[in-house]
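Peer 1: okay, predicted coordinates and the sequence, questions at the end:
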Amino acid sequence: MADGTQTRLPLLEVEGLKMYFPITAGLFRKKVGDVKAVDDISFTIFEGETLGLVGESGCGKSTCGRAILRLYEPTEGRVVLGGEDVLAAPPGELRAMRPRMQMVFQDPQASLNPRMTVAGIIGEPLDEHTTLNRAQKLARIYELMDKVGLNRDFANRYPHEFSGGQRQRIGIARALALNPKFIVCDEPIAALDVSIQAQVVNLLEELQDSLGLTYLFISHDLSMVRHIADRVAVMYLGRIVELASRDDLYDAPMHPYTQALLSAVPEPDPNAETSRNRIILKGDVPSPANPPKGCNFCTRCPKVMDICREVEPTFGEVTPGHFLACHLYQEAAVGAANSGANPEQSASLQDPNFQQGEA
Ligand code: SF4
């Protein structure tokens, strides 16, 4: 969607979003620090597109999705959905906004009430937000079950009577009940058998086409994100380090962390697989309670420079539609802006060790 985004309107705008969880100690639970789960991230999602959000477990991607929907109260930042400020909305307004923004959760087993029937689960948001009578509600429940490929005859069954894939379909039907515009899909296939994953992803794609939905698709499965996303954002230790169109990101990753992540993805072509150059990162991910000074990737980056340990790189656009937080490119971008040269080429020239697409 490198070009598609130019003609589409932004649906969701996130600016400087921070989600810190306080660390307390002592008898009086005095605050002694923060876990910086999401630390100053900004991005836009355009109407009808899917933005993939990838990164290792614990990088803050699920927290980011929940903070956007205000399932957590963010520490700072701005989230605008369809022109309405989600974070500034008082409780009554937020409740009125809820139908437009929904979430599909990772574990359908845990996210569905085991004591409610399928009809009860799917119909619950209708009870909360609509004045439909009993017959209208049942008609809507059947319509939603049809949409997600569930047999209407099973409306009075309980979640434990379904397979994992079917349970996720129930979760999707529930998310669709109030005709949302925007859905956060939080690892929606991670708990499913591999054979079922493609079915659920295909269903999400079909629903997006037929209902004009916009997705934030959170996943650690880079192959699946490549399949479903139009653009992809890569998160590391609470920050977005690279954001680009899917093809740009997968064909020519620029950030050293993205290069390492993608180098771990097996190639379907056996010839490409034998020549795959795996980049092994050394060390552990630092604690989000105590991130390193400067670039948050500097403790593991194979291309670290002195400046990286002192100065935090800013997240900026280095080529049209390609955003990055890395000093390798920022120095190049400044040079390019002064000389009129292509910043990507300048980066390669300035850093002889840098090879684009090394992954
Ligand atoms: Fe590596 Fe430095 Fe770029 Fe951070 S800023 S990713 S440490 S080269």
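Peer 2: Right, received. Where do you want to start? Residues are numbered from 1 along each chain as shown.

Peer 1: quick check: residue 191 is in a strand.
Peer 2: No: counting by DSSP: H, G, I helix; E, B strand; the rest coil, residue 191 is not found in a strand; it is coil.

Peer 1: quick check: pLDDT value at residue 66.
Peer 2: Residue 66 carries a pLDDT value of 97.

Peer 1: what parts of this protein come near the ligand?
Peer 2: With Cβ under 6 Å from any ligand atom as the criterion, the chain meets the ligand at residues 255-256, 295, 297-298, 301, 303-305, 308, 313, 326-328. For the C-beta atoms, the positions are set from N, CA and C on the backbone; glycine is no exception.

Peer 1: residues in contact with stretch 19-31: which ones?
Peer 2: Residues outside stretch 19-31 that contact it (Cβ atoms under 8 Å, 6 or more residues apart in numbering): 32-39, 60, 63-64, 67, 72, 74-75, 289.

Peer 1: closest point of the stretch 1-150 of the chain to the ligand, which residue?
Peer 2: residue 55 (14.0 Å; Cβ to the nearest ligand atom).

Peer 1: so what's that residue closest to, chain neighbours aside?
Peer 2: residue 235 (3.7 Å; Cβ to Cβ, 6 or more residues apart in numbering).

Peer 1: give me the contacts around the strand or helix carrying that neighbour.
Peer 2: According to DSSP states H and E, residue 235 maps onto strand 231-236. Contacts of strand 231-236 with the rest of the structure, by Cβ under 8 Å, 6+ apart, involve 1, 5, 41, 43, 49-56, 59-61, 64, 225-226, 240-246, 249-250, 255, 257-258, 261, 285, 296-297, 321.

Peer 1: list only buried entries from those.
Peer 2: The neighbour-count test (16 or more other Cβ atoms under 10 Å) applied to the contacts of strand 231-236 identifies 1, 5, 41, 43, 49-55, 59-61, 64, 225-226, 240-246, 249-250, 255, 257-258, 261, 285, 296-297, 321 as buried.

Peer 1: so which of these belong to strands?
Peer 2: Using DSSP state E, 41, 43, 50-54, 240-245 are the members of the buried ones among the contacts of strand 231-236 that sit in strands.

Peer 1: how about CSV for these, with pLDDT added?
Peer 2: Shown next, in CSV, are those (pLDDT from 0 to 100):
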residue, pLDDT
41, 96
43, 97
50, 98
51, 98
52, 98
53, 98
54, 97
240, 97
241, 97
242, 98
243, 98
244, 98
245, 97
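
Peer 1: now, the most widely separated pair of those residues?
Peer 2: 50 and 241 (19.7 Å; Cβ to Cβ).

Peer 1: from what I can see residue 185 touches residue 221, true?
Peer 2: No: in this structure residue 185 lies outside contact range of residue 221 using Cβ atoms under 8 Å: 11.8 Å.

Peer 1: mind listing the strands for the stretch 51-200 of the chain?
Peer 2: Secondary structure of the stretch 51-200 of the chain (DSSP state E, counting those that start in this stretch): strands located at 76-81, 84-85, 101-104, 182-186.

Peer 1: name the residues of the longest one that are buried.
Peer 2: By 16+ other Cβ under 10 Å, the buried positions in strand 76-81 come out as 77, 79, 80, 81.

Peer 1: quick one: mean pLDDT over that strand.
Peer 2: Mean predicted lDDT for strand 76-81 stands at 97.

Peer 1: and if you look at the shortest one?
Peer 2: Per-residue confidence for strand 84-85 averages out to 96 on the pLDDT scale.

Peer 1: in its sheet, which strands sit next to it, and in what direction?
Peer 2: strand 76-81 (antiparallel) (DSSP bridges).

Peer 1: list the contacts of the strand it pairs with.
Peer 2: Contact partners of strand 76-81, identified using Cβ under 8 Å, 6+ apart, comprise 11-18, 40, 67-68, 70, 85-88, 97, 100-101, 181-182.

Peer 1: among the residues you listed, which are in helices?
Peer 2: Judged by DSSP state H, the subset of the contacts of strand 76-81 located in helices is 67, 68, 97.

Peer 1: quick check: chain neighbours aside, which residue is closest to residue 229?
Peer 2: Leaving aside its sequence neighbours, residue 229 sits nearest to residue 52 (Cβ to Cβ, 6+ apart; 3.2 Å).

Peer 1: who's in contact with the one you found?
Peer 2: Going by Cβ under 8 Å, 6+ apart, the list of residues near residue 52 reads 217, 218, 219, 225, 226, 228, 229, 231, 232, 233, 246.
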